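Chemist: got a predicted structure plus its sequence, pasted below:
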Amino acid sequence: MQRPAESPAAPKLPHETLNREPSTAGPSPAVPLQSSSTHTEQLPDIAAMTISDSPRWKYLNRILSRKGPFADEDYDTEMQKTFLDDFKVFGAGGLGCEILKNLALSGFKDIHVIDMDTIDISNLNRQFLFRASDVGQPKATVAASFVMNRVKGVTITPYYGAIQDKGQDYYMQFKLVICGLDSVEARRWINATLVDMVDNNNPESLKPLIDGGTEGFKGQSRVILPTLTSCYECSLDMLAPRAAVPICTLATIPRQPAHCVEWASMLEWPRVFEDKKLDNDDPEHVQWVYEQALKRAQEFNISGVTYSLTQGVIKNIIPAIASTNSIIAGSCCNEALKIATGANPYLNNYMMYIGNEGIYTHTFEHEKKPDCPVCGNLATDYTVDPEWTLEEFIDRLGEKPEVQIKKPTLVTERRKLYYQGPPQLNEQTRPNLEKKMKDLVDHGEEIAITDPGLPFSLRLNVIFS
Ligand SMILES: [Zn+2]
């Protein structure tokens, strides 16, 4: 491998002076031409420029215009310069500001973004594209116009809504999907949708999914090639069990401090204040929930209920730290650039970043699960105590991190176990909730579970313990 010497005295490489006309009429105020290495950061109007022209793209250009030792075999330095122009990317989620900014500054020209949130005042400390005057506006729209205004030549098409509003036809137009979603449900949905879109006769139907996520000082980025590599669903069992638990657990025997808070906010509040909605941002409301939760915790000998836990649980807060978001979004967008251009090999396939206990990163290949309900083709074995009632079975399903369902409908091949709706079927199957599992299903029998949060049906093989 040969490297050009990098020293201040090194002569300029041809590509650095490419497309720069000699300055005959004095320096243009809009586009300062650089003839020496004293590079000052200025923001020229680059609307009409190609990627090779502007000083802004100097470093990107350096990557794209030299074929590195790890580049794809058919890497074409001339082609790469315009390649990103037509590479349509889709982005969504809580890492939105970082991702949009990075994609635009990486040379992507056609970006679509979906976000269902409006700007809240509490976002302003880290979501740097938003200003106080933007509070209440849709995030997608404001972020798109901010970045387009700042990085000329990029087109960002915003959509204010949920990713689930769009169908496969919509997602088919993109070459790459990059998500920094903060909800497990939304990620499961986009993952399952992209896996389902793969048509083996049409290579274009396989859309690489780059998934980034953070929680406090921890984060991960991963590259998912739907149907080829392990998918998001394959790794759901790596998640910590979620805080939300079925109502019946809350109402009967809480086991964790969060259960007490949920009991107070979801059951006690509506009981005591029939007509008043709990306002998560009202400190008096939060205080009331906290006091009730604390009482209940003491009753059941549970420690750990605090005001900030109460706030965290009712607002469903996942702690967000700006610098972690920045690291993870940076990693995701680097992967996007590598996938789009072939300039370097991309991540295979999971990078975790741990910054809460010292600092540690690790990359590994997460394997496909043969019984993954989305990309595998086997039903998952699930150990069941034959003495459980169907209701207990559903409760426990909801607690499993790899299942995560809220309002499931359950059927076997020979009977309807439980239907959430319509009312007639719900009424008809409700008595089953009290029945024991051994009286409803056989050992080895398959239960199919559907849930409004899932774009697929989950298949479980009942294994009696
Ligand atoms: Zn999978």
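Modeler: Sure thing, it's come through.

Chemist: and the strands in the protein, which stretches?
Modeler: Assigned by DSSP state E, the chain shows strands spanning 89-93, 110-115, 155-160, 176-180, 209-215, 218-224, 350-354, 360-364, 380-384, 409-411, 416-418, 446-450, 458-464.

Chemist: take those and lay them out in TSV including mean neighbour count.
Modeler: Where C-beta positions appear, they are placed from N, C-alpha and C, glycine not excepted. Rendered in TSV, the data for these read as follows (neighbours: other C-beta atoms under 10 Å):
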stretch	mean neighbour count
strand 89-93	26
strand 110-115	24
strand 155-160	18
strand 176-180	25
strand 209-215	24
strand 218-224	24
strand 350-354	18
strand 360-364	11
strand 380-384	16
strand 409-411	21
strand 416-418	19
strand 446-450	18
strand 458-464	18
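
Chemist: closest one to the ion among these?
Modeler: Proximity to the ion (C-beta to the ion) singles out strand 218-224 among these, at 8.7 Å.

Chemist: average pLDDT across that closest one?
Modeler: Confidence over strand 218-224 (mean pLDDT, whole number) is 95.

Chemist: next: stretch 173-184.
Modeler: Across stretch 173-184, the average pLDDT comes to 89.

Chemist: how long is that stretch from one end to the other?
Modeler: The first and last residues of stretch 173-184 sit 24 Å apart, counting by C-alpha to C-alpha, to the nearest Å.

Chemist: and stretch 380-393, by the same measure?
Modeler: 15 Å.

Chemist: follow-up on the earlier one: out of the strands of the chain, which gets the lowest mean score?
Modeler: Within these, confidence is poorest for strand 89-93, with a mean of 78 (mean pLDDT).

Chemist: for that strand, packing partners?
Modeler: For strand 89-93, the contact count by 3 or more C-beta pairs under 8 Å, 6 or more residues apart in numbering; DSSP states H and E identifies helix 96-105, strand 110-115, strand 176-180, helix 184-197 as packing neighbours.

Chemist: ok, residue 149 - how many residues close by?
Modeler: Around residue 149 sit 9 other residues, with neighbours defined as other C-beta atoms under 10 Å.

Chemist: what do you get for residue 370?
Modeler: Applying the criterion other C-beta under 10 Å, we find 11 residues in the vicinity of residue 370.

Chemist: what do you get for residue 251?
Modeler: Other residues near residue 251 come to 12 when the count uses other C-beta under 10 Å.

Chemist: could you measure from it over to residue 197?
Modeler: Distance of residue 251 to residue 197, computed by C-beta to C-beta, to the nearest Å: 41 Å.

Chemist: one step back: export the strands of the chain to CSV and append columns for distance to residue 280.
Modeler: Supplementary listing: the strands of the chain in CSV, determined by distance: least, C-beta to C-beta, whole Å:
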stretch, distance to residue 280
strand 89-93, 21
strand 110-115, 20
strand 155-160, 22
strand 176-180, 23
strand 209-215, 20
strand 218-224, 25
strand 350-354, 30
strand 360-364, 34
strand 380-384, 35
strand 409-411, 30
strand 416-418, 31
strand 446-450, 30
strand 458-464, 31
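
Chemist: neighbours of residue 392, how many?
Modeler: The number of residues packed near residue 392 is 18, by other C-beta under 10 Å.

Chemist: state the pLDDT value of it.
Modeler: What the model reports as pLDDT for residue 392 is 92.

Chemist: then residue 2?
Modeler: Residue 2 is assigned a predicted lDDT (pLDDT) of 40.

Chemist: then the one 4 residues further on?
Modeler: According to the per-residue confidence, residue 6 scores 36 in pLDDT.

Chemist: present the helices and strands packed on strand 89-93 as TSV; the columns should include distance to residue 391.
Modeler: TSV is the format used below for those (distance: least, C-beta to C-beta, whole Å):
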stretch	distance to residue 391
helix 96-105	40
strand 110-115	37
strand 176-180	35
helix 184-197	23
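
Chemist: closest to residue 66 out of those?
Modeler: For residue 66, the closest of the helices and strands packed on strand 89-93 is helix 96-105, at 19.4 Å, according to C-beta to C-beta.

Chemist: now for that closest one, which elements pack on it?
Modeler: In terms of contacts (3+ C-beta pairs under 8 Å, 6+ apart), helix 96-105 is packed against strand 89-93, strand 110-115, helix 139-150, strand 176-180, helix 322-341.

Chemist: I'd like those laid out as JSON lines, including distance to the ion.
Modeler: Shown next, in JSON lines, are the helices and strands packed on helix 96-105 (distance: least, C-beta to the ion, whole Å):
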{"stretch": "strand 89-93", "distance to the ion": "20"}
{"stretch": "strand 110-115", "distance to the ion": "23"}
{"stretch": "helix 139-150", "distance to the ion": "28"}
{"stretch": "strand 176-180", "distance to the ion": "16"}
{"stretch": "helix 322-341", "distance to the ion": "19"}
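
Chemist: quick one: the ones you listed as JSON lines, columns for distance to residue 306 too.
Modeler: Supplementary listing: these in JSON lines, determined by distance: least, C-beta to C-beta, whole Å:
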{"stretch": "strand 89-93", "distance to residue 306": "29"}
{"stretch": "strand 110-115", "distance to residue 306": "31"}
{"stretch": "helix 139-150", "distance to residue 306": "30"}
{"stretch": "strand 176-180", "distance to residue 306": "29"}
{"stretch": "helix 322-341", "distance to residue 306": "23"}
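
Chemist: how about the contacts made by the closest residue to residue 218 other than its chain neighbours?
Modeler: Leaving aside its chain neighbours, residue 218 sits nearest to residue 354 (5.3 Å; criterion: C-beta to C-beta, 6 or more residues apart in numbering). In this structure, residue 354 makes contact with 217-218, 360-362, judged by C-beta atoms under 8 Å, 6 or more residues apart in numbering.
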